[in-house]
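In: quick check, what structure comes out for this input:
(one chain, ligands or ions: 2)
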Amino acid sequence: MEDVLDSAVGAHFSGLRRDLRRLSSSSSLPSSPSSATCNDASAAAPSGLASPAPRQPFVIGVCGGTASGKTTVCDMIIQQLHDHRVVLVNQDSFYRGLTEEESEHVEEYNFDHPDAFDTDQLLECMGKLKSGQSVNIPIYDFKNHRRCSESFRKVNVSDVIILEGILVFHDQRVRDLMDMKIFVDTDADIRLARRIRRDTVERGRDVLSVLEQYGRFVKPAFDDFILPSKKYADVIIPRGGDNHVAIDLIAQHIRTKLGQHDLCKLYPNVCVVQTTFQIRGMHTLIRDREITTPDFVFYSDRLIRR
Ligand SMILES: Nc1ncnc2c1ncn2[C@@H]1O[C@H](COP(=O)(O)OP(=O)(O)O)[C@@H](O)[C@H]1O
Ligand SMILES: O=c1ccn([C@@H]2O[C@H](COP(=O)(O)O)[C@@H](O)[C@H]2O)c(=O)[nH]1
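Out: Ligands and ions are numbered 1, 2, ... in the order given. Predicted coordinates for the structure are as follows:
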C-alpha cells in the first residue's frame, strides 16, 4: 500500500527535453552531465531522427482463491479506467482441457494444480500483447472442460492488460511480466458459498460434486499454491469487490502510472525518477525561498544528476 500512497503524491520527471539541439545551445540549462537522467539511447540521436521505442502496456496481475471476487474487482477497475484502453486476460482461458480418457474420470482431475494450465502458451500470448501485437486467446468451456476448438477471443493492443487467475503469481516468468500485483483476499467460507452457487447455476454441477472437488483439490491447492503466492502481492484487497476504498486507490495509482506513460510517449528521452523520501526532501528544499544559493545549487545538481 505504501507504493500506492507514494505514487499518488506525484512522480518526478527528469530530462524533459523535446529538442536536444535547441537544449544544448541554451545557456540557461546545464549541458551534458545532466543528461544522465535521460534515456541514453534516444538522447544519443538528434530528436526527430530516432524513432521512439513503443511504450509497453501496464500489466496488472490479479490473484486470489476461487470465487474471491477477482473478476468482480477487475470489472470495477476497468470501469474506473474508462478513458483508457484496458483488456482482461483470464488464466482460465489457458486450461489445457481434458482428453477423452481424462473426461471419463473428471472427478479425478485436479483443475487447481499449476500443471492444469498451459503456461507456455499464456506467456507467448502475453509477450505478444506486451510487444504491441494483437492475439487470439482460447475460449474455455467449464461445462465440458474443453477449449472451444473453432472460436477464439481476439485481444487487441491496449494501455493496460489485466491478467486474472487463481495461479497467476505461481510462476516467476508470469510474475515478471507484471507491473503491479493485486491479491484478492476473501474469507474461505464466503468463497465456498459463492462457488457452490456459481458452479451449480453457471457451470452445470451439483452441490455434492462441488463439495467433493472443493475438499479434495480446491482447498489443498489454495493452501499449497495460492496462499503462499500472496507474499508477492503489492496490494492486498480484503473483502474483494466490497472494498471500494482499495479499488479507488488502485485505480488512482494506475491513472498516475498511465499519466507518466503518456508523457513518455510525447517525450521519448524522458526518464521518470521513482519517488523516494530523499527526492521529495530535495524538492522541498529547492522550492524553499529561504534556501541559500550554495544549498540550492547542491540539491538541484543532485536531482539533475540522478
Ligand atoms: N462482493 C460480492 N458480493 C456478492 N457476491 C459477489 C461479490 N463478489 C463476487 N460475487 C459473486 O461471487 C461469484 C464469484 O465472483 P467472481 O468475481 O467471478 O470471482 P472469481 O473471479 O475470483 O472466481 C460470482 O457469482 C459473483 O457474482
Ligand atoms: O473445467 C474446469 C476448470 C476449472 N475449474 C475450477 O475453476 C476454478 C478457477 O476459476 P475461478 O473463476 O477462479 O473460481 C478452480 O478452482 C477449478 O477448480 C473447474 O471446476 N472445472
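
In: ok, D159 - contacts?
Out: By Cβ atoms under 8 Å, 6 or more residues apart in numbering, the contact list for D159 reads P57, F58, H84, R85, V86, L258, H261. Backbone N, C-alpha and C define where each C-beta goes, glycine included.

In: tell me how far it lies from ligand 1.
Out: Computed with Cβ to the nearest ligand atom, to the nearest Å, the distance linking D159 and ligand 1 is 22 Å.

In: renumber starting at 361 from here on
Out: Okay, residue one is now 361; in that scheme the one you just asked about reads as D519.

In: list phi and psi for that residue.
Out: Backbone geometry at D519, expressed as degrees, to the nearest 10, gives phi -80, psi -30.

In: also V520?
Out: Here V520 shows phi and psi, under degrees, to the nearest 10, equal to phi -130, psi 130.

In: I figured it hits F418, correct?
Out: Yes: using Cβ atoms under 8 Å, V520 makes contact with F418 at a distance of 4.9 Å.

In: need the overlap of contacts for these two.
Out: Joint contacts of V520 and F418 (Cβ under 8 Å, 6+ apart) are I614, L618.

In: can you report how many residues lie near F418?
Out: F418 has 21 neighbouring residues, counting by other Cβ atoms under 10 Å.

In: ok, it - contacts?
Out: With Cβ under 8 Å, 6+ apart, F418 has these contacts: D519, V520, I521, D539, M540, I614, K617, L618, H621.

In: change it to 10 Å
Out: If a contact means Cβ atoms under 10 Å, 6 or more residues apart in numbering, then F418 has 441, 444, 446, 518-522, 538-540, 614, 617-618, 620-621 as its contacts.

In: try V419
Out: Going by Cβ under 10 Å, 6+ apart, V419 touches 449, 486, 489-490, 520-523, 534, 536-541.

In: which among those residues end up buried?
Out: Taking 16 or more other Cβ atoms under 10 Å as the criterion, what is buried in those is V449, M486, L489, V520, I521, I522, L523, V534, L537, M538, M540, K541.

In: coming back round to it: in the contacts of F418, find the pair that's most separated.
Out: Farthest apart among the contacts of F418 by Cβ to Cβ are I522 and Q620. That separation is 18.5 Å.

In: the closest residue to G564 other than its chain neighbours: what secondary structure?
Out: Closest residue to G564 apart from its sequence neighbours, by Cβ to Cβ, 6 or more residues apart in numbering: K503 at 4.3 Å. Of the three states, K503 takes coil according to DSSP: H, G, I helix; E, B strand; the rest coil.

In: circling back: which of the contacts of F418 sits closest to ligand 1?
Out: Of all the contacts of F418, ligand 1 sits closest to I522, with 11.6 Å by Cβ to the nearest ligand atom.

In: what helices or strands is the strand or helix carrying that closest one leaning on?
Out: Per DSSP states H and E: I522 is located in strand 520-524. Contacting strand 520-524 under the criterion 3 or more Cβ pairs under 10 Å, 6 or more residues apart in numbering; DSSP states H and E are the following elements: strand 418-424, helix 430-440, strand 446-450, helix 479-490, strand 540-545, helix 604-626.

In: mind checking which of these is nearest Y659?
Out: Short answer: helix 604-626, nearest of the helices and strands packed on strand 520-524 by Cβ to Cβ, at 22.9 Å.

In: so does the closest one get close to ligand 1?
Out: No: judged by Cβ under 6 Å from any ligand atom, helix 604-626 stays clear of ligand 1, getting no closer than 10.2 Å.

In: can you give me the end-to-end distance of stretch 524-539?
Out: 14 Å (Cα to Cα, to the nearest Å).

In: ok, and does it reach over to ligand 1?
Out: No: Stretch 524-539 stays clear of ligand 1 (Cβ under 6 Å from any ligand atom), getting no nearer than 6.6 Å.

In: any idea of the mean pLDDT for stretch 529-539?
Out: Mean per-residue pLDDT for stretch 529-539: 97.
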